[in-house]
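Trainee: Next come a sequence and a model predicted from it.
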Amino acid sequence: MEERLRLEFNDWARAGRGESMERGHRPTGEQAIVRLDLKEDSRVLDLGCGSGWAARLMASRATKGRVVGLDISDEMIEQARAASVDFPQLEFRVGSAERLPFEDGEFTHAFSMESLYYYADMAQAVREVRRVLAPGGLFASVVDLYQENEPAHQWIEQLNVPVHLLSSGGYRELFTEAGFVEVTDERLYDPTPIPEDYTGGSFKSREDYLRYRETGSLLICGRVKA
Ligand SMILES: C[S@@+](CC[C@H](N)C(=O)[O-])C[C@H]1O[C@@H](n2cnc3c(N)ncnc32)[C@H](O)[C@@H]1O
């Protein structure tokens, strides 16, 4: 499965989808990053970082800390590295979310945007994030494909890889079972106007896109007990 994900997201990287994902994800991703309340010395993991836009944004806050972006796709990581030469505190690693190549308690914060539901063993990945976070550490994860967001379900048949479809309650349970405390969920909304002449792309119709936007992105946060 990991090889299949690597090849699929390498295709995405070559097709320029790293940049289009940045455009699509940034409006809600930025709101989630604000919730992390990063300090200049924060140590941050970006799980499934893609082309690294969020890692760069977080590195611009954690100026004296450390930010690591990790992704299964070596071609996404290549693009992320090429775009990040101005950030000495930022590094990128190719790897699997289910076996994080980090020590226990290495990070103070973890972020993940639109990545969790691709992992074959999501529970293992969320346990791994808990392991690499220090006591009091905070994990914020955003997903757009979840049970309550019906218009997004059309992606399931469009995608070339299998995905998990969890409800907001299912995500809360996943975090709690991995040992996180203070687990919360909330919706984040993208205020960017939708063009009147929208003719699809990710959605079959403008109405679907509108309903998707009105439903919002799902942000799940959990803390490691101090
Ligand atoms: C939809 S993209 C989101 C990328 C980025 N977070 C963004 O918002 O632009 C999902 C990312 O998760 C990565 N991914 C999928 N499965 C993974 C796994 N098992 N371990 C690490 N990364 C994975 C993919 O390679 C891809 O870059």
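Mentor: Received the coordinates, thanks.
Trainee: from memory Leu145 sits against Val163, does it?
Mentor: Yes: judged on CB atoms under 8 Å, Leu145 makes contact with Val163 at a distance of 6.4 Å. Every C-beta, even on glycine, is put in place using the N, C-alpha and C of the backbone.
Trainee: More neighbours: which of these two?
Mentor: Here Leu145 and Val163 are set side by side on neighbour count (other CB atoms under 10 Å), and the busier one is Leu145, at 22 against 14.
Trainee: for the nearest residue to Asn10 once chain neighbours are set aside, helix, strand, or coil?
Mentor: Among residues not flanking Asn10 along the chain, Glu75 sits closest, at 4.2 Å (CB to CB, 6 or more residues apart in numbering). Of the three states, Glu75 takes helix according to DSSP: H, G, I helix; E, B strand; the rest coil.
Trainee: Give me the pLDDT value at Glu75.
Mentor: pLDDT for Glu75: 98.
Trainee: residues near it, how many?
Mentor: Neighbours of Glu75 (other CB under 10 Å): 19.
Trainee: my guess is it meets Ala15, correct?
Mentor: No: in this structure, Glu75 is not within contact of Ala15 by CB under 8 Å, at 10.3 Å.
Trainee: thinking again about what came up before, what's the spacing between the residue nearest to Asn10 and the ligand?
Mentor: 9 Å (CB to the nearest ligand atom, to the nearest Å).
Trainee: show me the contacts for that residue.
Mentor: Residues near Glu75 by CB atoms under 8 Å, 6 or more residues apart in numbering: Phe9, Asn10, Ala13, Arg14.
Trainee: Out of those residues, which sit inside helices?
Mentor: The members of the contacts of Glu75 that map onto helices under DSSP state H are Phe9, Asn10, Ala13, Arg14.
Trainee: near the ligand too, which of those residues?
Mentor: Phe9 (CB under 6 Å from any ligand atom).
Trainee: residue ranges for the helices of this structure, please.
Mentor: Using DSSP H, helices in the chain cover 2-14, 17-36, 53-61, 74-82, 122-132, 154-158, 168-177, 206-215.
Trainee: who wins for proximity to Arg99 among those helices?
Mentor: helix 122-132 (7.0 Å; CB to CB).
Trainee: Please pick the buried ones from the ones in helices among the contacts of Glu75.
Mentor: Neighbour-count burial (16 or more other CB atoms under 10 Å) applied to these gives Phe9, Asn10, Ala13.
Trainee: The last one reaches Gln79, doesn't it?
Mentor: Yes: Ala13 is within contact range of Gln79, at 5.7 Å (criterion: CB under 8 Å).
Trainee: what residues are shared contacts of these two?
Mentor: With CB under 8 Å, 6+ apart, Ala13 and Gln79 have common neighbours Ser51.
Trainee: picking up where we left off before, which one of the helices of the chain is the most hemmed in?
Mentor: helix 53-61 (a mean of 22; mean count of other CB atoms under 10 Å).
Trainee: For Arg61, see how far away Asp37 is.
Mentor: Going from Asp37 to Arg61 by CB to CB, to the nearest Å gives 9 Å.
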